[in-house]
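Asks: coordinates only, sequence not included:
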Ligand SMILES: C[S@@+](CC[C@H](N)C(=O)[O-])C[C@H]1O[C@@H](n2cnc3c(N)ncnc32)[C@H](O)[C@@H]1O
């Protein structure tokens, strides 16, 4: 960490302590709000800056408390009369649009903002999908994902256009009025806000927003198959104390919110504070993580700008013919392949029915909804259909799994060369997608082959491009695992049938 960054962090933690933010019930031992349970640390492979255990922590312990008065909310920001009067003239703006304007308005105040020490600690740039350019978006290769990225950008553009009159009325400086600034502020809100009961725009929580993410534990996983029968599936959204939207909508009314609060964190009305609990035992020095909620890798990219190589909640959707969708009553987004390669309950049930001759469908309905196989013959056909479909999807990509793995190595190599200032020397050796990246981002001048941008800027593009390649690689691996799984099932059916035949004839 640079000297200046360290000084900024120290003054931020001191400021936070003065606001009553604390990682202990004991009086602070230093001017910092941390040090007794948590400390700021850097985890290069798991979120960068984050919070580490300052001592051994026990599961369920209160590890951080942020009083309501220290939460940045629309309500707290709108104590500024000029802002409040201006906002009241735009009743059609959504709560998150208003929060975005409020954040930009505060940024615009610079050093005179009461929140300045906190604002200085916010990231300067983000990798959420709305920040991606055309090149990175196309590198996702999967139509649904490309569509999600394009939608994220157009949604951001639309909400910026709608809010621009309000921002002009507030006399924001021209830099703060730009789409770039808007995308920055929206990404701050998308990736850092926490859920609060009184405002659906959520709140920004100084220090509390330094926790990096771990997917929910095993208890909340693989509950998709109990989509119909098991209430645990409704925990998913509720376990999200972070405010980022999820695309899945479950019935959140049956939640055992108290249980979730015990393991994660949430706003507690009785103490008027955001309280964070250790969700497992941690050893001193280990990174303390929070589960912001249940997200697929694409959702993580959209709302938080990162993905997990091992994400138990990841899913792959393959294109299905329209008749498949219309043959079942399952929602479209329940027809997917789990990250371990197994088709989801709904996808399996749908295919079992769809691949049954029309005149026999009525008689097997009860078996379909109980999740049972219809017959070994039907199961073989279903698995064979899955193998064929996954192979067809994989064949259609411009690059294979192996190509993508090599490309990720190449991107890492480019980063290393860039860091050591030698990227220019090796530019001519790049070909294929790597060359296209450099040309597309105007990093190579066709004639001279000269690097045009500073590596700091190139790197930001490179990080997004790498995320796109990592995402499509994960997607392809799920399909490859599905092929393996379905082939294993077919082989088992064939072998069981053979054994049964042998037993019959012996
Ligand atoms: C609430 S902030 C966490 C603190 C953040 N690392 C910081 O320095 O301010 C959420 C952001 O942290 C990063 N992040 C969190 N968990 C991560 C993980 N497991 N892997 C990679 N990045 C992660 C992502 O950039 C995400 O948008």
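Replies: Great, that's in hand. Owing to the predicted nature of the structure, the values given are computational and were not obtained by experimental measurement. Numbers count the residues shown, from 1 in each chain.
Asks: Show me which residues of the stretch 151-300 of the chain sit near the ligand.
Replies: Residues of the stretch 151-300 of the chain lying close to the ligand by C-beta under 6 Å from any ligand atom are 191-192, 209-213. From N, CA and C alone the C-beta is placed, and that goes for glycine too.
Asks: quick one: which of these has the most company?
Replies: Counting neighbours by other C-beta atoms under 10 Å, the top entry in these is residue 211, with 26 neighbours.
Asks: quick one on the thing from earlier: I'd like the residues of the stretch 151-300 of the chain next to the ligand as a markdown table, with distance to residue 51, pLDDT and secondary structure appended.
Replies: Output for those, formatted as a markdown table (distance: C-beta to C-beta, whole Å; pLDDT from 0 to 100; DSSP: H, G, I helix; E, B strand; the rest coil):
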| residue | distance to residue 51 | pLDDT | secondary structure |
| --- | --- | --- | --- |
| 191 | 16 | 97 | helix |
| 192 | 14 | 97 | helix |
| 209 | 10 | 97 | helix |
| 210 | 5 | 98 | helix |
| 211 | 6 | 97 | coil |
| 212 | 8 | 97 | strand |
| 213 | 12 | 94 | strand |
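Asks: Just give me the closest of the residues you listed to residue 130.
Replies: Of all those, residue 130 sits closest to residue 191, with 10.7 Å by C-beta to C-beta.
Asks: residues in contact with that closest one?
Replies: 126, 128, 244, 303-305 (C-beta atoms under 8 Å, 6 or more residues apart in numbering).
Asks: ok, now with 10 Å
Replies: 123, 126-128, 209, 213, 242-244, 292, 300, 302-306 (C-beta atoms under 10 Å, 6 or more residues apart in numbering).
Asks: Going through those residues, which ones are buried?
Replies: Buried residues within the contacts of residue 191, counting neighbours by 16 or more other C-beta atoms under 10 Å: 126-128, 209, 213, 242-244, 292, 300, 302-306.
Asks: need the contact list for residue 441.
Replies: If you count contacts by C-beta under 10 Å, 6+ apart, residue 441 has them with 133, 135-136, 452-453, 457-458, 460-462, 465.
Asks: Likewise for residue 187?
Replies: Counting by C-beta under 10 Å, 6+ apart, residue 187 makes contact with 100, 122-123, 125-131, 152, 156, 303-305.
Asks: coming back round to it: so among the contacts of residue 191, where is pLDDT lowest?
Replies: Among those, residue 244 carries the lowest pLDDT, at 53.
Asks: and this protein, which of its residues are near the ligand?
Replies: Counting by C-beta under 6 Å from any ligand atom, the chain comes close to the ligand at 46-50, 123, 191-192, 209-213, 304-306.
Asks: farthest pair in those residues?
Replies: Pairwise distances across the residues of the chain next to the ligand peak at 17.1 Å for 46 and 192 (criterion: C-beta to C-beta).
Asks: just to revisit the earlier point, mind checking which of the buried ones among the contacts of residue 191 land in strands?
Replies: With DSSP state E as the criterion, strands contain residue 213 from among these.
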